[in-house]
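Asks: model the structure of this input:
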Amino acid sequence: MALPRFFQSMDTPAAVGDRLTIVGQDAVHLTRSLRLTVGDAVLVCDGRSTEYDTVIDGCRQDAVELLVQAVRESRAEPTLQVTLYQGLPKSDKLEWIIQKCVELGVTEIVPLEMERSIVKLGDKADKKRARWQTIAHEAAGQSGRGILPTVAEPMPLSGALERMRGGLTIVCYEGGGEPFSALIDPSVQKLNLVIGPEGGIAPSEIERLVQNGAKLATLGPRILRCETAPVAALAVAMALSGNMS
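Replies: Predicted structure coming up:
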């Protein structure tokens, strides 16, 4: 059975023999939901790919003290760093996309306000983003990630183009393109993956992406839903880069 995993931000790395303190809802979950107590093992991750084997050294009403017994680099992180640029979909589809892509190893998710995006967040953007980050946090813990993937502030394509420079950018396009196998191999270390909303990516947006150096790619002859495409594309990219074996 997997050890319970908690993310804990740290100003400086901890060492064997140091003590860590878990507070707030994580402490409540640990003691009341999981019913752990002194002597039980807990895995702590600093969100930067370092893991700490600890045991509970003391419990208070609102805090749990942990004693560090071992320190190691996470073995769960892929060699391929993927930023998913996802066209804003309707309903709660983005929540599902975030959860599954974090499980598959995505590094960052950037919601894109595209020409064919129906959703307009307006003054709900901050509340939505907080919800999305919580989902990413929970998925990272459940899947044993060594980092805490981030969900960026929603932005228009014009704001995302500059961020995409410096790595391979692949646009999943229903109009056709190269197969993923022609674009990705184990030497690729950074990937920007662009997926459109329900209505797809507008021709003018495709033109701007290509002018920015993006490669058009196909996921096969079938048209995938906007919530299926990112999961399929990410799984293929991880497999081709040697991160699914």
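
Asks: all contacts plus neighbour counts: C-alpha atoms, from now on.
Replies: Will do.

Asks: the helices in the protein, which residues?
Replies: 24-28, 93-104, 125-143, 157-161, 203-211, 229-240 (DSSP state H).

Asks: the second one vs helix 229-240, what angle?
Replies: Orientation note: helix 93-104 sits at an angle of 10 degrees relative to helix 229-240 (axes from the mean of the first three to the mean of the last three CA atoms, to 10 degrees).

Asks: can I get the CA coordinates of helix 93-104 in CSV?
Replies: Provided in CSV are the C-alpha atoms of helix 93-104 (Å, rounded to 0.1, in the frame of the first residue of the first chain):
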residue,chain,number,x,y,z
LYS,A,93,-14.2,19.6,-19.0
LEU,A,94,-11.0,21.5,-18.0
GLU,A,95,-11.2,20.0,-14.5
TRP,A,96,-11.1,16.5,-16.0
ILE,A,97,-8.3,17.5,-18.4
ILE,A,98,-6.2,18.9,-15.6
GLN,A,99,-6.6,15.8,-13.4
LYS,A,100,-5.7,13.3,-16.1
CYS,A,101,-2.8,15.3,-17.6
VAL,A,102,-1.3,15.7,-14.2
GLU,A,103,-1.5,12.0,-13.7
LEU,A,104,0.3,11.5,-17.0
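
Asks: what helices or strands is that helix leaning on?
Replies: Identification of packing neighbours for helix 93-104 by 3 or more CA pairs under 8 Å, 6 or more residues apart in numbering; DSSP states H and E yields helix 125-143, helix 229-240.

Asks: where do the strands sit along this structure?
Replies: Secondary structure of the chain (DSSP state E): strands located at 5-7, 19-23, 41-45, 50-59, 63-73, 81-87, 108-113, 150-151, 155-156, 168-172, 178-179, 190-195, 215-218.

Asks: will you turn those into TSV that also has distance to residue 95 and mean pLDDT?
Replies: Listed next are the strands of the chain as TSV, based on distance: least, CA to CA, whole Å; pLDDT from 0 to 100:
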stretch	distance to residue 95	mean pLDDT
strand 5-7	20	90
strand 19-23	26	94
strand 41-45	23	94
strand 50-59	27	95
strand 63-73	29	96
strand 81-87	12	98
strand 108-113	11	97
strand 150-151	11	97
strand 155-156	17	95
strand 168-172	20	97
strand 178-179	28	96
strand 190-195	15	98
strand 215-218	24	96
